[in-house]
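> Just the structure for this:
(one chain, ligands or ions: 3)
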Amino acid sequence: MKPTNSPKTYRVKSFGCQMNVYDGERMAEMLGERGIVPAPEGEDADLVVLNTCHIREKAAEKVYSDIGRLTKGKTQDKAPMIAVAGCVAQAEGEEIMARAPAVSMVVGPQAYHRLPEMLDKAVQGERATDTDMPAIAKFAALPERKRTNPASFLTVQEGCDKFCTYCVVPYTRGAEISRPYGDLVTEARKLVDAGAKEITLLGQNVSAWSGEDDKGQAVGLAGLIRDLAKVDGLARIRYTTSHPADMDDDLIAAHGEIDKLMPFLHLPVQAGSDRVLRAMNRSHTAESYLRLLERFRAARPDLALSGDFIVGFPGETDAEFEETLKLVDAVGYAQAFSFKYSPRPGTPAASMEGQVAKDVMDDRLQRLQAALNRDQWAFNRATEGRTCEVLVERKGKHPGQWLGKTPWLQSAWFEGDVGIGDLVQVELVEAGPNSLAGRLRERVAA
Ligand code: SAH
Ligand code: SF4
Ligand code: F3S
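Numbering: from 1, shown residues only. Ligands and ions are numbered 1, 2, ... in the order given. All right, here's what the predicted structure looks like:
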């Protein structure tokens, strides 16, 4: 590659999970420290960071179509400088470098604190790949949090040791690690100083977080939530994603005791058949999952539930799929994500016998989503007539309209004299399948 001018503007495009959104924000902050500014809406950026996801085949292929679009018909001086970050970078770093000569930098999710050095090299015309996994080192090397949204993310735990047989995350994010307690309390305070009202604690297995508090006592996620709830100015706490294996009594109790902990739990189950769950290497059964939810609901009766599902795991029969529908009926999810099984290179399930035909998967996904949509709408209808607190997150489509989130993570829109970051009381007037129309009752706090 030829040497080039230092980029003046950037755009970070994040795909995949909320951990990638968090990483994307941190990369943007680092570029900001270097005096590079976000490219104005609608204008090309000098530097584009594609922060990619490897979870399913379609998600992973997106990176190549994006590179094609960014460079189509452009010479090197006209095309943007491109960095590929995230989980595709980790899994296919060398391949990207070989397949996409327009890419200057490939940086894995545990190495992106080195992006500025790589940028210096790229300006000199040197391509660079960094897919080391120093996990914790990254956080210490990142700049302080200075700006944020009213609803912010805070990564507390990374990586996964569960090795579900279909999943790439243990390979792209590495082993489970917990960030130290003190760093998290400090970062949470900085986020609140910068305007955050709500913090969602993130981790691929967030309930596996563990640490030592400032008195040297061992604490789990519930202990961390209890202490973060004492941070003045922080109104709401959420956490995601949990694995059924790591949910302890203390966390269940926390849902009944801590007002700031929102009544929402995302707890992926994946399937309703115990044989399929075993083949997936999930450590729960349908029954143990349902019993666990009962205990959460006993602690917090209005808890809204969310889950993830995979249809068409290798060997899944029609009868086994029916068990997933049965489980959905038993739970009554407030929302959920569902996917067709996608074989991922290097995972055990990719070479299992009995790969399910695409049309069978399509049909199962359609039936499952119909059931989940029905339940989501029913949940929304059940909250009609309630007045609840809404955190205003952005402007709506029409002038004077605002969008925010209820405690149960529903989107609610309403009109009134409010601003982004306000916590307001809203009466939920009319439920739709994906959101609710509300009426502003009163402002609670600015
Ligand atoms: N750590 C979380 C979520 C990880 S990825 C958990 O364990 O639940 C988010 C979701 O993507 C998973 O819950 C699963 O439903 C889905 N997923 C992961 N690998 C997949 C694959 N190979 N094909 C289809 N869906 C997949
Ligand atoms: Fe993937 Fe399973 Fe780990 Fe979740 S628990 S990240 S699905 S391996
Ligand atoms: Fe995707 Fe990586 Fe998240 S594979 S879902 S971006 S951990």
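> For the longest strand belonging to the chain, name the packing helices and strands.
In the chain, taking DSSP state E as the definition, the longest strand is strand 435-445. Counting contacts by 3 or more Cβ pairs under 8 Å, 6 or more residues apart in numbering; DSSP states H and E, strand 435-445 packs against strand 387-395, strand 411-415, strand 423-431. Where you see a C-beta, it was placed from the backbone N, CA and C, and this is true even at glycine.
> Can you list the strands that the last one pairs with?
I take that to be strand 423-431. Using DSSP bridges, the strands paired with strand 423-431 are strand 387-395 (antiparallel), strand 435-445 (antiparallel).
> In the longest one, which residues are buried?
Right, the one you point to is strand 435-445. Under the neighbour-count criterion of 16 or more other Cβ atoms under 10 Å, strand 435-445 has 436-438, 440 buried.
> ditto for stretch 289-307
Under 16+ other Cβ under 10 Å, the buried positions of stretch 289-307 are 289, 292-293, 296-297, 299-300, 303-307.
> next one: stretch 374-390
For stretch 374-390, by 16+ other Cβ under 10 Å, it's 375-376, 379-380, 382-383, 388-390.
> Please apply the same query to stretch 205-216.
205-211.
> Helices of the chain, start to end?
Listed in chain order, the helices of the chain (DSSP state H) span 18-33, 57-71, 86-99, 115-123, 136-140, 169-172, 181-193, 221-228, 249-257, 274-279, 286-299, 318-331, 358-382.
> Mind putting those into a markdown table with mean pLDDT and distance to residue 153?
Below are the helices of the chain laid out as a markdown table (pLDDT from 0 to 100; distance: least, Cβ to Cβ, whole Å):
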| stretch | mean pLDDT | distance to residue 153 |
| --- | --- | --- |
| helix 18-33 | 95 | 4 |
| helix 57-71 | 91 | 19 |
| helix 86-99 | 95 | 15 |
| helix 115-123 | 94 | 19 |
| helix 136-140 | 82 | 14 |
| helix 169-172 | 96 | 17 |
| helix 181-193 | 96 | 9 |
| helix 221-228 | 98 | 13 |
| helix 249-257 | 97 | 19 |
| helix 274-279 | 98 | 29 |
| helix 286-299 | 98 | 23 |
| helix 318-331 | 98 | 26 |
| helix 358-382 | 98 | 23 |
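> Reformat these into JSON lines and put distance to ligand 3 next to each item.
Converted to JSON lines, those look like this (distance: least, Cβ to the nearest ligand atom, whole Å):
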{"stretch": "helix 18-33", "distance to ligand 3": "4"}
{"stretch": "helix 57-71", "distance to ligand 3": "6"}
{"stretch": "helix 86-99", "distance to ligand 3": "3"}
{"stretch": "helix 115-123", "distance to ligand 3": "17"}
{"stretch": "helix 136-140", "distance to ligand 3": "14"}
{"stretch": "helix 169-172", "distance to ligand 3": "5"}
{"stretch": "helix 181-193", "distance to ligand 3": "19"}
{"stretch": "helix 221-228", "distance to ligand 3": "19"}
{"stretch": "helix 249-257", "distance to ligand 3": "22"}
{"stretch": "helix 274-279", "distance to ligand 3": "20"}
{"stretch": "helix 286-299", "distance to ligand 3": "21"}
{"stretch": "helix 318-331", "distance to ligand 3": "21"}
{"stretch": "helix 358-382", "distance to ligand 3": "18"}
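> I'd like to know which of those is closest to residue 348.
Nearest to residue 348, of all those, is helix 274-279, at 9.2 Å by Cβ to Cβ.
> Remind me what the closest one packs against, helices and strands.
helix 286-299.
> does any part of the helix it packs on sit near ligand 2?
No. Shown here: helix 286-299 not in contact with ligand 2 (Cβ under 6 Å from any ligand atom), separated by at least 13.6 Å.
> circling back to that earlier point, can you say which of the helices of the chain is nearest to residue 4?
Closest among the helices of the chain, once you apply Cβ to Cβ, is helix 115-123, at 6.0 Å.
> re the thing from before, show me the contact partners of the longest strand of the chain.
235, 380, 383-384, 387, 389-390, 406, 410-416, 418, 422-430 (Cβ atoms under 8 Å, 6 or more residues apart in numbering).
> Just list the residues touching residue 83, thanks.
With contacts defined as Cβ under 8 Å, 6+ apart, residue 83 is in contact with 47-50, 103-107, 115, 118-119, 122.
> Output the helices of the chain in a markdown table, with distance to residue 311 appended to each entry.
Listed next are the helices of the chain as a markdown table, based on distance: least, Cβ to Cβ, whole Å:
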| stretch | distance to residue 311 |
| --- | --- |
| helix 18-33 | 23 |
| helix 57-71 | 15 |
| helix 86-99 | 22 |
| helix 115-123 | 37 |
| helix 136-140 | 35 |
| helix 169-172 | 19 |
| helix 181-193 | 36 |
| helix 221-228 | 30 |
| helix 249-257 | 29 |
| helix 274-279 | 10 |
| helix 286-299 | 15 |
| helix 318-331 | 7 |
| helix 358-382 | 4 |
